[in-house]
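Q: All I have is the shape, not the residue letters:
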């Protein structure tokens, strides 16, 4: 198989959650364990850091990887979903896996996969583990796909784990309450392996503490140990400037960060806590290295779609926030961004509770309803109808690009165009 045939094989012949939704979900690790045995457990050949959470786990994963790279370590990074190119999911020191390796791996194991029948995610994670091993990396930052307990990535034994935060997402699989979702994410907490919780939440705190006690492991709440002051981030400059405090005392001065979402404050504290744990469990990292890693996170690891400014006249911003908590942060930051008129290009997926999300959106915006080009994409007419019932007005378009072009044609230089609603909507305009 050539590269395009390999992608076709993975995307179409075997289920991929991002494209088709629930039919691709597996409620056990048996297939992952079978592939891991076939590959002779490559993830045991290097150190790992494991990251779960509802929001922020991508930004945290990229930031930690960037700091490890700044330290001079050969660093693997496994994330999902991809925005433009499948190979974004698997990187070493920011460089995407090669097309040749993707083909080599699939051609090598295709007969075995025909018998084992792994999902898209199970195959991709297996590919990452073998790729990292063959390239003799020092450490890999591994982001969960969904949940934690039953996620394919949960076969690893990391030096520590991170859970960024918990909010409502994938409730069909993870539970209908915050506590139930936290239980699933807490499944990555393992015996004698420390865990960082990024955000202290009333409902989830006891869940995580109980699990850590059961596993006899250390638990750290990042926002109890670190805080931010003098934040000049208004979301419309190219870099935010922070001062990090530890227990109220200045810890890092003049920390520049190119990730401009206001929600990045919480992610940043989680990352700083992670660097302390790296110091304790693996290797010493100076504050200068931390600053360098965070400042270079976008260029060094290829992170995209997080309050990303695409243009200034008119201001065009995209963000991949797609659940209630993510959209809440986005709408809060839109309120703090200066503009004359707001143009909102929105496409969503068909397995979300969209009414809860739509109620959070600004009523005064002009909406451009569209459908992302994936089977899970929600029909733009259904989206527009639901939006109309709660007072959001706009037009429908057959594609994301048509909606985006219409917004650009209608916008004046002092307007704001925002693109969001799902990863896939953002992916199509990047």
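A: Noted; the coordinates are in hand. Predicted, not measured: the structure shown is a model, and the values here were computed from it.
Q: and the nearest residue to residue 364 once chain neighbours are set aside, what does it touch?
A: Of all residues not flanking residue 364 in the chain, residue 342 sits nearest, at 6.5 Å (CB to CB, 6 or more residues apart in numbering). The way it works is simple: take the backbone N, C-alpha and C, and place the C-beta from them, glycine included. Neighbouring residues of residue 342 by CB atoms under 8 Å, 6 or more residues apart in numbering: 334, 362, 364, 365, 366, 415, 416, 418.
Q: Let's see that with 10 Å instead.
A: Contacts of residue 342 were listed using CB atoms under 10 Å, 6 or more residues apart in numbering, and they are 334-335, 361-362, 364-367, 411, 415-418.
Q: Any chance of a ChimeraX selection covering the buried ones in those?
A: Buried members of the contacts of residue 342, defined by 16 or more other CB atoms under 10 Å, are picked up in ChimeraX with:
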select :334,361,365,366,367,411,415,416,417,418
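Q: What is the nearest of the contacts of residue 342 to residue 310?
A: residue 417 (8.5 Å; CB to CB).
Q: From residue 405, how far off is the closest one?
A: 11 Å (CB to CB, to the nearest Å).
Q: try residue 427
A: From residue 427 to residue 405 the distance is 16 Å (CB to CB).
Q: Compare neighbour counts for those two and give me the winner.
A: residue 427 (21 against 15; other CB atoms under 10 Å).
Q: Please identify which helix or strand holds that one.
A: helix 423-429 (DSSP states H and E).
Q: How is residue 388 assigned, secondary-structure-wise?
A: Secondary structure assignment for residue 388 (DSSP: H, G, I helix; E, B strand; the rest coil): helix.
Q: how about the helices in the stretch 51-200 of the chain?
A: 57-70, 99-116, 120-134, 171-174, 178-185 (DSSP state H, counting those that start in this stretch).
Q: Tell me which other helices or strands the longest one touches.
A: So the one you mean is helix 99-116. Identification of packing neighbours for helix 99-116 by 3 or more CB pairs under 10 Å, 6 or more residues apart in numbering; DSSP states H and E yields helix 3-8, helix 30-38, helix 120-134.
Q: In JSON lines, list the ones you listed along with mean pLDDT.
A: JSON lines is the format used below for these (pLDDT from 0 to 100):
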{"stretch": "helix 3-8", "mean pLDDT": "91"}
{"stretch": "helix 30-38", "mean pLDDT": "95"}
{"stretch": "helix 120-134", "mean pLDDT": "96"}
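Q: Now do residue 385 against residue 126, distance only.
A: 42 Å.
Q: more crowded one of the two?
A: The neighbour count for residue 385 versus residue 126, taken as other CB under 10 Å, is higher for residue 126 (25 against 12).
Q: Is the more buried one in contact with residue 118, as I believe?
A: Yes - the criterion here is CB atoms under 10 Å, and residue 126 meets it with residue 118 at 7.2 Å.
Q: shared neighbours, these two?
A: In contact with both residue 126 and residue 118: 31, 32, 34, 35, 109, 152, using CB under 10 Å, 6+ apart.
Q: of those, buried ones?
A: 31, 32, 34, 35, 109, 152.
Q: for those residues, which one is nearest residue 227?
A: Closest to residue 227, out of all of those and judged by CB to CB, is residue 152, at 35.0 Å.
Q: per-residue confidence at the residue lying closest to residue 376 once chain neighbours are set aside?
A: Among residues not flanking residue 376 along the chain, residue 349 sits closest, at 4.5 Å (CB to CB, 6+ apart). The score at residue 349 is 89. That number is its pLDDT.
Q: what bridges to residue 349?
A: residue 377 (DSSP bridges).
Q: Let me know the distance separating it from residue 109.
A: 30 Å.
Q: In contact with the residue nearest to residue 376, which residues are there?
A: 18-19, 21, 322, 371-372, 374-378, 421-425.
Q: how many neighbours does residue 38 have?
A: Count around residue 38 with other CB under 10 Å applied: 15.
Q: Leaving out the residues flanking it, which one is nearest to it?
A: residue 112 (5.7 Å).
Q: From what I see, that neighbour and residue 31 are in contact.
A: No - Residue 112 is not in contact with residue 31 according to CB under 10 Å; the separation is 11.5 Å.
Q: Between those two, which contacts overlap?
A: residue 118.
Q: Let me know the pLDDT of the spatially most central residue of the chain.
A: Nearest to the mean C-alpha position of the chain, counting by CA atoms, centre = their mean, stands residue 58 at 3.0 Å. pLDDT, residue 58: 94.
Q: go on, residue 305?
A: At residue 305, pLDDT is 93.
Q: Now name the helix or strand holding it.
A: Secondary structure (DSSP H and E) places residue 305 outside all helices and strands.
Q: what's the neighbour count on it?
A: 21.
Q: before we move on, what about residue 139?
A: Based on other CB under 10 Å, the number of other residues close to residue 139 is 24.
Q: what's the distance between it and residue 64?
A: The value you get for residue 139 to residue 64, if CB to CB is used, is 9 Å.
Q: just residue 357 next, same as before
A: 29 Å.
Q: between the two, which one's more packed in?
A: residue 64 (26 against 22).
Q: From residue 69, how far out is the closest residue to residue 58 other than its chain neighbours?
A: Sequence neighbours aside, residue 79 is the residue nearest to residue 58 in space, at 5.6 Å (criterion: CB to CB, 6+ apart). Distance of residue 79 to residue 69, computed by CB to CB: 14 Å.
Q: before we move on, what about residue 125?
A: Relative to residue 69, and taking CB to CB, residue 125 is found at 21 Å.
Q: that older thread, I'd like to know which of the helices of the stretch 51-200 of the chain is closest to residue 280.
A: Per CB to CB, nearest to residue 280 of the helices of the stretch 51-200 of the chain: helix 57-70, 14.5 Å.
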